[in-house]
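# Generate coordinates for the sequence data below:
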Amino acid sequence: MPPPRTRGTALRHRLAELRGPDVPAKALDARALAALAANPGCRRRAILDGAGVNKAALAGALGSPSAFGQSQFALTRGNAFEAKVKADGGAELLRLVHERLDPRAEPPADARVPDLSAIGPEGRTARTALELREATGARGAWTLLDHPMLALDVAGSPAFLEPDAVVVHPDGSWTVVEIKSFPMVDGSADPSKVGAAARQAAVYVLALEDVAARLDPAPRVRHHVLLVCPRDFSNLPTASAVDVRKQRAVTSRQLARLTRVQDIADALPEGTCFSPDLPAEELTAAVESVPAAYAPECLSACELAFHCRDRSRADGAVTSLGRSVRAELGGLTTVEDVLAAARGEAGDPHDPAVAALRRAAELRAEALGEGVGACR
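The predicted structure follows:
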C-alpha cells in the first residue's frame, strides 16, 4: 500500500496535473518572482508560475505569441561577462565587494570558493545553507558562493532561486551580487535597468534572510547589494552598491498578499490542464477559468500579456487603461460603465468618481459647443 500523501505531496501532484502529463516544470526565477510580486492580484499568473507552466509555450498555443524575453545574443554576452568577472577564483569580484561595500575589512586573499554541486534543487539548497553556515562561523575569512541555490515560499509553493553570487564577509555578514551585461557609463547606468536589477536582488535578499533566520545567532544580510556591470563600452567590470531596502519591503509585502496556490488550485474545475498540446478551445477555456488582473505593465513582464490584453479589451475592462486610471474610477470597472456615468445615465451622483466624470463631460461639451450629455 502506498504511503498516504501529505498536504505538500498532494499539492505537488496537483500542480503536475495542471502542467500536463510528462511536461517538465519551468523553474520560477527571481525575475519572474519580482514581476509576480508587482501584480499580486493576478491569480492566473500565480497558479501558472506556481505549477511551473511554460507561459511562453502556452501563449504560442493560444495564438498570442509573446516577444517577451532576452535575446540569445544578450544571454551569450551576459554569460561571457560573468565568466570574466568570476575568473581566477572570483578575485576581481571580491576586490569590487571589498572596495565598494567593506573597505575597512582585510583585503580578500585566498578566499574560499566551495563546491555547491548536489542532486536536484533541494539538494543544492541544503548544500548552500550548509556552506553559508560554515563560512559564517569561520570569521576573518572571505567566502564566495558561485551560483548558490536558495528557496523562498511563494503562496505556499517553494520557488528555487539562483543568484549570480553571494559573498560572506570576514565579519560573517552576507551580500548578494548581481552581474549584468548592460553598461555603466561614467559611473551610472540606465535607471530602469538598475531598478529591475534591484527588484530581482531584493528577492534574493528575502530568500537569504530565510536562511539566516534558521541560524543562531542569525547573521546580518546586507541590504546594499553589489551591481557589477561593464565599464563604459568595454568588457572591464565596474560596480556600484545599490540599496534595495525599499524594493525588499515592497516585494515582501506583495508576496504576503498573494493568494495561496493551493486555494487557487482547489477552485479550478475538475480536469483543468494547461498543457500546450491541448486543443486551442480546451486550452483557452482552462486559462480563462482563472481570473487575471491585466495592466499595461504586464507587457514588459509576462509572456501571456498579449492574450490577457485582448481579453481585457474585449470585456471593456478599465484595467486595460492602466492601474492609475483604474484606481481613480472606484467601482466603475468597465468602459461602458464609465461612459454611462459621464452621460448621467447611471451611477451615484454622490460618488466622487461619477461626479468628476460628469463634470468632465460638461466641460467637454461646453468646449465643443455640444449639449450636456453628448459624451460618446
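
# Report all helices and strands that the helix or strand containing Thr76 contacts.
Take DSSP states H and E as the rule and Thr76 turns out to sit in helix 72-85. For helix 72-85, the packing partners by 3 or more Cβ pairs under 8 Å, 6 or more residues apart in numbering; DSSP states H and E come out as strand 174-179, strand 237-243. All C-beta atoms are positioned from the backbone trio N, CA, C, and that covers glycine.

# Which helix in the protein has the most residues?
Using DSSP state H to assign secondary structure, the helix with the most residues in the chain is helix 191-213.

# name the helices or strands packed onto that helix?
On a contact count with 3+ Cβ pairs under 8 Å, 6+ apart, helix 191-213 meets helix 30-38, helix 120-137, strand 150-154, strand 157-161, strand 174-179, strand 224-230, strand 237-243, helix 245-257.

# Check which helices and strands the longest one sits against.
Just to be clear, that refers to helix 120-137. strand 143-146, strand 150-154, strand 157-161, strand 165-168, helix 191-213.

# dump the residue contacts of Ser320.
Applying Cβ atoms under 8 Å, 6 or more residues apart in numbering to Ser320 gives the contacts 294-296, 309, 312-313.

# Buried subset of the residues you listed, written for ChimeraX?
The ChimeraX selection below is limited to those of the contacts of Ser320 classed as buried (16 or more other Cβ atoms under 10 Å):
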select :294,295,309,312
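
# For the contacts of Ser320, which two are the farthest from each other?
The largest separation in these, counting by Cβ to Cβ, is between Ala295 and Arg313 at 12.6 Å.

# returning to what we had before: make JSON lines out of the helices and strands packed on helix 120-137 and add mean pLDDT.
Putting the helices and strands packed on helix 120-137 into JSON lines (pLDDT from 0 to 100) gives the following:
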{"stretch": "strand 143-146", "mean pLDDT": "96"}
{"stretch": "strand 150-154", "mean pLDDT": "90"}
{"stretch": "strand 157-161", "mean pLDDT": "85"}
{"stretch": "strand 165-168", "mean pLDDT": "97"}
{"stretch": "helix 191-213", "mean pLDDT": "94"}
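
# so Ala212 touches Val221, yeah?
Yes: shown here, Ala212 and Val221 form a contact pair, counting by Cβ atoms under 8 Å, at 5.4 Å.

# Could I get the buried residue list for the longest helix of the chain?
Within helix 191-213, the residues that qualify as buried are 194, 196-209, 211-212, counting by 16+ other Cβ under 10 Å.

# likewise stretch 136-153?
136, 141-146, 148-152.

# From start to finish, how long is it in a straight line?
End-to-end distance for stretch 136-153, by Cα to Cα, to the nearest Å: 24 Å.

# coming back round to it: closest one to Val225 among the helices and strands packed on helix 120-137?
Closest to Val225 of the helices and strands packed on helix 120-137 is helix 191-213 (Cβ to Cβ; 4.3 Å).

# re earlier: would you tell me which one of the contacts of Ser320 comes nearest to Arg31?
Ala295 (17.9 Å).

# if I look at the closest residue to that closest one other than its chain neighbours, how far off is Leu329?
The shortest distance from Ala295 to any non-neighbouring residue, by Cβ to Cβ, 6 or more residues apart in numbering, is to Arg323 (5.0 Å). Using Cβ to Cβ, to the nearest Å, Arg323 is found at 11 Å from Leu329.

# Tell me which of these two has more neighbours.
With neighbours defined as other Cβ atoms under 10 Å, Arg323 and Leu329 compare such that Leu329 has more, 21 against 15.

# In this structure that one contacts Pro352, no?
No: with contact defined as Cβ under 8 Å, Leu329 does not reach Pro352; the gap is 10.3 Å.
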